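K.L.:
3D model of this:
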Amino acid sequence: MARVVLAMSGGVDSSASAVLLRSQGHEVIGLFMRTGVEYPSSVAGGEDRSRAEHKKGCCSVRDAWDARRVADRLGIPFYAIDFRSEFDRIIDYFADEYVRGRTPNPCVVCNTWLKFGQLWDFARQLEADCIATGHYARIVMGGEGAELHRGIDASKDQSYVLWGIRRELLPHIMFPVGNSTKQEIRALAREAGLEHVADKPDSVEICFVPGGRHSEVVRARRPEAVRPGVIVDRQGRVLGEHDGIDRFTIGQRKGLGIATGRRQFVLELLPETQTVVVGDYEELLAVGLEAEGVNWLCVPPTKEVEVWVKIRYRHPGVAAVIQPREAGRVVVRFATAQPAVTPGQAVAFYAGNRLLGGGWIARALRE
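P.N.:
So this is what the prediction gives:
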């Protein structure tokens, strides 16, 4: 049996993970990561604190209290560690990406830097063998050693946001809920006497973005970078004005503030001139993409390989061919053209259920 440091968020998944690990005979140590986001004035200029504590995030004061109650009931050690300075880097990254005309994915960065970076560093200080989280994913032993696979519950699978994990950590990671459905996990929590988390809503918001209003975070962090500009079509005709490109993302249709008589989508953001380019749906389609910062969870391919790719968390995926390039870059060619290929978002590569790796979308390919 192993000594396992478990990231406990106060939700049902990590709480059930503690139950499962205990039932398997492991020595479990609970850890709650304090990020400071329960004080939204530090990131967004003063949202009411009571409102923040009841939002559907994962890092509030209430969440910390729920996690401690679970640890007390199960009789496992529990630590609350201050990761505010580290988490501040993630918020800065978030704001900077919008300023650059890109759409960030802070959940991937949080998993890479904190949950499977700082958490592992803390675990080694405690001479732990493994770290665990409540993600719906699985570690499976294969021909290349430990592999990362999709969770059994396809509707809850979270492998897409885990591509940034260092490959050498895979043998030291556990995903206790990955072989179960969400319904089974909620039932397990009830049976274990954890009623206060069994029916707790899932986290559906970025924890430091109040009410999903990401521009408030950007404008609080980088007010000097937000400037007005124009909205134009592909021919350069001015269709309207805006007060900052941070309010837009590739593929956006609603809230553009223009009236053209037909549906228009954001095609491109030009931070140098603060220009938003819009057009028809057909102009939104891309035949592929170029990705950078690629991380491989398998032996890195040296030649063209067929894969299944996801370009957003809710994206169903599409067959594609990836062509490795130098300096951690790849070119991806889709079997079928895809809409809203968004710079700054993540692309994940799969072979069946196995996550091979992923990277950051640098640009869409139109031809």
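
K.L.:
could the C-alpha coordinates of stretch 339-349 be exported in CSV?
P.N.:
Below are the C-alpha coordinates for stretch 339-349, written out as CSV (Å, rounded to 0.1, in the frame of the first residue of the first chain):
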residue,chain,number,x,y,z
PRO,A,339,-15.1,25.8,-36.7
ALA,A,340,-13.6,28.2,-34.1
VAL,A,341,-10.0,26.9,-33.9
THR,A,342,-8.9,29.3,-31.2
PRO,A,343,-5.4,30.5,-30.5
GLY,A,344,-4.6,30.1,-26.8
GLN,A,345,-6.8,27.1,-26.3
ALA,A,346,-5.5,23.6,-25.9
VAL,A,347,-5.5,20.8,-28.4
ALA,A,348,-5.3,17.2,-27.1
PHE,A,349,-4.2,14.1,-29.0
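
K.L.:
quick one: low-confidence parts of the stretch 51-200 of the chain?
P.N.:
Along the stretch 51-200 of the chain, segments meeting pLDDT under 70 span 51-59.

K.L.:
in it, which spans are strands?
P.N.:
According to DSSP state E, counting those that start in this stretch, the stretch 51-200 of the chain carries its strands in the segments 78-82, 130-132, 137-142, 145-150, 173-174.

K.L.:
quick one: distance of the longest helix seen in the chain to the chain centre.
P.N.:
Identified as the longest helix of the chain according to DSSP state H is helix 84-99. With CA atoms, centre = their mean, to the nearest Å as the basis, helix 84-99 stands 14 Å off its chain's centre.

K.L.:
which strands and helices sit next to it?
P.N.:
helix 106-110, helix 214-221 (3 or more CB pairs under 8 Å, 6 or more residues apart in numbering; DSSP states H and E). All C-beta spots, glycine's among them, are computed from the backbone N, C-alpha and C.

K.L.:
the last one packs against which elements?
P.N.:
The one in question is helix 214-221. helix 41-44, helix 84-99.

K.L.:
what is the burial count for residue 253?
P.N.:
Taking other CB atoms under 10 Å as the criterion, the count of residues near residue 253 is 13.

K.L.:
which pLDDT does the model give it?
P.N.:
On pLDDT, residue 253 comes in at 95.

K.L.:
and if you look at residue 340?
P.N.:
With respect to pLDDT, residue 340 has a value of 95.

K.L.:
so the residue lying closest to it once chain neighbours are set aside: helix, strand or coil?
P.N.:
Counting by CB to CB, 6 or more residues apart in numbering, residue 340 lies nearest to residue 251, which is 2.8 Å off, once chain neighbours are set aside. Judged by DSSP: H, G, I helix; E, B strand; the rest coil, the three-state class of residue 251 is coil.
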